[in-house]
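In: Sequence plus predicted model, see below.
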Amino acid sequence: MINASLKQLSSQLAGKKISSVELTQLYLDRIAALNPELNAYVTLNPETSLAQARAADVRLAQGKGAALTGIPIAQKDIFCAQGWRTTCGSRMLENFVAPYDAHVISQFNNAGAVNLGKTNMDEFAMGSSNETSYFGAVKNPWNHKAVPGGSSGGTAAAVAARLCAAATGTDTGGSIRQPAALCGISGLKPTYGVVSRYGMIAFASSLDQAGPMARSAEDLALLLNVMAGFDERDSTSLQRETEDYARDLAKPLNGLRIGLPKEFFAAGLSADVGAAVEAAIAEYKKLGATVVDISLPNSRLSIPVYYVLAPAEASSNLSRFDGVRYGYRAPEYSDLTDMYEKSRAQGFGAEVKRRIMIGTYVLSHGYYDAYYLQAQKIRRLIAQDFVEAYKYCDVIMGPTSPTTAFNLGEKGDDPVQMYLSDIYTIAVNLAGLPGMSIPCGLGTNGMPVGLQIIGNYFDEARMLNVAHQYQLATDWHQKAPAGVNSDK
Amino acid sequence: MQWEIVIGLEVHAQLSTKSKIFSAASTAFGAEPNTQADAVSLALPGVLPVLNKGAVERAIKFGLATGAHIAPRSVFARKNYFYPDLPKGYQISQMDLPVVGQGALTIQVPAVGKAEPYEKVVRLTRAHLEEDAGKSLHEDFHGMTGIDLNRAGTPLLEIVSEPDMCSAAEAIAYAKTLHTLVRWIGICDGNMQEGSFRCDVNVSVRKPGGELGTRREIKNLNSFKFMQQAIDYEVQWQIDTIENGGKVQQATVLFNPDTGETRAMRSKEDAHDYRYFPDPDLLPLVIGKEWVEQLRATMPELPQAKQVRYVQDLGLSAYDAATLTASREMADFFEATLAAINPSPSLPLSGEGAAVSSPVKGRLGGVDAKLCANWIIGEVSAQLNRDNLEMNQCPITSQQLGGMLARIADGTISNSGAKEVFRAMWSEGGSADAIIEAKGLKQVSDTGALEAMVDEIMAANADKVAEYRSGKDKLFGFFVGLAMKASKGKANPAQMNEILKRKLAG
């Protein structure tokens, strides 16, 4: 049951082979057994989850079930869910109970899915290892000494350890794709604007995008069908016709042109990851694809550009956490300024404070032109590189992350080394393109390797087709960490 | 020494939308604290702004009314600073690309002392959309501060002028003209007590023709009287400071109505670095030509255009024309009354929109217009003042007043009779004709009756008739008096004069 696809689960639920309550309880039991070690979830509400499951069972009994009705989904703790504690991985929101539902949450609720719990994450989604969470690091289910990646590390670990049927993540610079790669699961960051950001706690508004994380491309398609769609409450949400992201899954790949950017296979890429990605490309050739060498000359600037723009937006987005209306307030202070300073000093962790300071600096009078404006110009050049590249190919492929999962604490003292783990993913956010990661092998240490697939704007259905055909031909996506692959 | 005064204004006009600029929460004034603070007003985690189209429409209307450039693309920016009543820690405003660009406003500066009244054009630098902050409440919280976020997110249009004004009189004329205009075009209720129209005044002084002096900004003036006092005080303070060898430091000052003084609240040194940058939650505001043209078609005739028309087509004085256009309600009342004096469906008096057909002079204009203007500026305004009423609360309708003026024009009632009719109408209502009938105010215009009356008077005063005829013209008034008395005041004076003159001449 825990290895069943969403499609299989859906038909079992519809056929009354299992009830949503039973399925939910199965996962709650697994979470109770495994989560104390993995720390993938920060908040559980079994009563609420089971009540949703009972409602789903009623709906299923009435024959009114939809694709995800009754299926237990884990939600990254960045989405506000009414009545649920919503922490964003921060002490600042340790006791914040959201009074409303994010768009993503209400889409799942309307579909009849069960909210299984809120997953751990880097504080305010700032991190690549899930080590900046106020609620402690998450362990990689494949190796408990290794990080799961971040910032959607809790979600990636929960999916990999079969602690949920599927889950949500968000991706500002690689936060869906990198943890998906490091935990051996599939994850998709849609085109910017496809999924509404309403109710998703903002890190860097012009880059943030929610997306699904699951065990297969087929599952991702079903989840994206629920998550995507125009929402008038988000001005950057795109008004497009509803599409079925699963419509092209079965298409053969004959004639598919895969672009391989030379910059993604240069120094810095570890040999075992490179080899696994090369093997995947070889598999695609067997499936009828051709390969084109391309170049994304400005992508080398994506990390510096990102670490100007994202902190700039974050420094402003996080100003609302001031201790005045909700969230953490220092127990003692002498006056208003002292209240702000102490509340924010105590409520935010080191990485968040670092980025607020960087962002404040680059927006300051006298520095704005040299940093913020300059970075915006380069951002356009990076996007232009992709436009040029897509004249010669249909999808771009490469590694998701330069290495397999590194060890907990390994990069804690060196933020720049940590930032470099997102070197292949960040340009995609800067360009607003859709990107995904699927498992494509194991490294020399036995840890999963992710293949990144980058599509053109709104090409999610094609990317899912490309990923699904690979998953029909290979079984990397079915590999599970030792010790979790049982129904007990 | 002679000093030249340089004044520029920044006016925050609260736009009259029902909901806030970036959310659906109500903007109604006076609700219990925080009852109009929705998730967006509270800046809960995850909420996003969605621009209110009505606020943009009002900004466009303002641009149209001032002949300003309306930006086809403008950008919202975040102005970052911490304050408890600023829930997001930033205000959404516009910085580099405002929705309304350069425009102009013509003002009439009234006579002050010996100076003649004159007209002046004040250039507008820009007008931009932004959200208001909430309120900090320092009373009744035992050493703590209360926060009311009802006002947070209320739409404002910040209207910035060039430093074109060189006296308090000009600054006030500008502020009043602007105040009239925003109400006239229906974008702001102009309620200054409730803070719907707030003025920041930048003042500096310089030697004539010299370099601009350092300015100080008087914040948040919410009455024209305070504005006058604050500018007068500030100008004198700056002159005194310089003449005593001091230097004016750039600063923000507050006016204290109790002392009549201005006082610095912060200097330039502790000015904030607001770290403006484009708000990534909002797309650039794109305004197409069609939208602008749609709104242009709904624009009312503006006060200045009306003034010109009143003078040229209706033959009113410039003063009357300016007075009648002090508010849209007054102008509307005037035009409706004038139409009621002489209803003529083929001659629309005025209209909304660009195509206004002027009435033919002499029919609706001329005498009738002057009569109508006199009554509205005179009796009606005075009575409204006495009863503390606004034009739109006037107990007499334009139909009623027009009916009465028609009876003056056709000689049915005298001016003194009209005043009686007016008083009755004001307190008890009813049409002029009914009141004239009930009170017997109809003038005697029956020539036969008037002639008989005159004959009788002349017979009884034969000696005076003889004196008159021997050249004592002044006795004419004596006969008029007797005649009016005999008619109990109801004689048509013009007719009576004519008969007297004729009969006395012999």
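Out: The structure has been received and is ready for your questions.
In: Dihedrals phi and psi, whichever residue of the stretch 101-250 of chain B sits closest to chain A?
Out: Residue nearest to chain A within the stretch 101-250 of chain B: residue B:147 (6.7 Å; C-beta to the nearest C-beta). Quick note: C-beta positions are derived from backbone N, CA and C, even for glycine. The phi and psi values for residue B:147, taken as degrees, to the nearest 10, are phi -120, psi 130.
In: Let me see the contact set for it.
Out: By C-beta atoms under 8 Å, 6 or more residues apart in numbering or on different chains, residue B:147 lies in contact with A:324, A:325, B:34, B:84, B:85, B:134, B:135, B:136, B:137.
In: give me the residue from the stretch 301-450 of chain A nearest chain B.
Out: residue A:319 (2.4 Å).
In: Skipping adjacent residues, who's closest to that residue in space?
Out: Using C-beta to C-beta, 6 or more residues apart in numbering or on different chains and skipping the chain neighbours, the partner closest in space to residue A:319 is residue B:89 (2.4 Å).
In: one step back: any of the contacts of residue B:147 buried? List them.
Out: A:324, A:325, B:34, B:84, B:85, B:134, B:135 (16 or more other C-beta atoms under 10 Å in any protein chain shown).
In: OK, contacts around residue B:78?
Out: A:316, B:90, B:91, B:92, B:93, B:275, B:276, B:277, B:278, B:279.
In: gap between residue A:89 and residue B:297?
Out: Residue A:89 is 54 Å from residue B:297, where distance means C-beta to C-beta, to the nearest Å.
In: Between these two, tell me which one has more neighbours.
Out: Taking other C-beta atoms under 10 Å in any protein chain shown, residue A:89 and residue B:297 do not tie; residue A:89 has more neighbours (34 against 11).
In: Pretty sure the more buried one sits against residue A:119.
Out: No: applying C-beta atoms under 8 Å as the test, residue A:89 and residue A:119 come out as separate, 9.6 Å apart.
In: so what sits against both of these two?
Out: Common neighbours of residue A:89 and residue A:119 (C-beta under 8 Å, 6+ apart) are A:42, A:77.
In: where does chain B come near chain A, residue by residue?
Out: B:39, B:42-51, B:78, B:80, B:82, B:84, B:87-90, B:145, B:147, B:273, B:275-277, B:280-283 (C-beta under 8 Å from any C-beta of the partner chain).
In: now stretch A:469-486, how far from the centre of its chain.
Out: The chain centre lies 19 Å from the centre of stretch A:469-486; the measure is C-alpha atoms, centre = their mean, to the nearest Å.
In: mind listing what's buried in that stretch?
Out: Buried, per 16+ other C-beta under 10 Å, within stretch A:469-486: A:469, A:470, A:471, A:474, A:476, A:477, A:480, A:481, A:484.
In: Let me see the contact set for the fifth one.
Out: Applying C-beta under 8 Å, 6+ apart to residue A:476 gives the contacts A:184, A:438, A:439, A:440, A:441, A:442, A:448.
In: Let me see the confidence value for it.
Out: pLDDT for residue A:476: 98.
In: Ok, residue B:343 next?
Out: Listed pLDDT for residue B:343 reads 64.
In: for residue B:364, same thing?
Out: So residue B:364 comes in at 47 (pLDDT).
In: do residue A:419 as well
Out: 88.
In: If we ignore the residues flanking it in sequence, what's nearest it?
Out: Residue A:419 sits nearest to residue A:303 (C-beta to C-beta, 6+ apart), 5.8 Å away.
In: buried set for the host helix or strand of the one you found?
Out: Using DSSP states H and E, the element containing residue A:303 is helix A:302-317. The neighbour-count check on helix A:302-317 (16+ other C-beta under 10 Å) flags A:302-303, A:305-317 as buried.
In: Which secondary structure element of chain A has the lowest mean pLDDT?
Out: helix A:415-420 (a mean of 86; mean pLDDT, DSSP states H and E).
In: what about the residue of the stretch 1-150 of chain A found nearest chain B, neighbour count?
Out: Nearest to chain B in the stretch 1-150 of chain A, going by C-beta to the nearest C-beta, is residue A:80, at a distance of 4.7 Å. For residue A:80, the count of nearby residues is 28 (other C-beta under 10 Å).
In: I'd guessed it sits against residue B:44; true?
Out: Yes: when contacts are counted by C-beta under 8 Å, residue A:80 is listed as touching residue B:44 (7.5 Å).
In: Can you check which residues contact both of these two?
Out: A:98, A:100.
In: ok, the closest residue in space to residue A:85 that isn't next to it in sequence - how many residues close by?
Out: Distances taken as C-beta to C-beta, 6+ apart put residue A:43 closest to residue A:85, at 4.8 Å, once the chain neighbours are dropped. Residues within reach of residue A:43, counting by other C-beta under 10 Å, total 17.
In: ditto for residue A:365
Out: With other C-beta under 10 Å as criterion, residue A:365 counts 12.
In: so what pLDDT did it get?
Out: Confidence score, pLDDT, at residue A:365: 92.
In: tell me the secondary structure for the closest residue to it other than its chain neighbours?
Out: Distances taken as C-beta to C-beta, 6+ apart place residue B:273 nearest to residue A:365, at 4.8 Å, with adjacent residues excluded. The three-state label for residue B:273, taken from DSSP: H, G, I helix; E, B strand; the rest coil, comes out as coil.
In: same question, residue B:248
Out: coil.
In: Is it correct that it is in contact with residue B:204?
Out: Yes: using C-beta under 8 Å as the test, residue B:248 is close enough to residue B:204 to be in contact (7.2 Å).
In: more neighbours, these two?
Out: Legend: neighbour count by other C-beta under 10 Å for residue B:248 and residue B:204, higher for residue B:204 (21 against 18).
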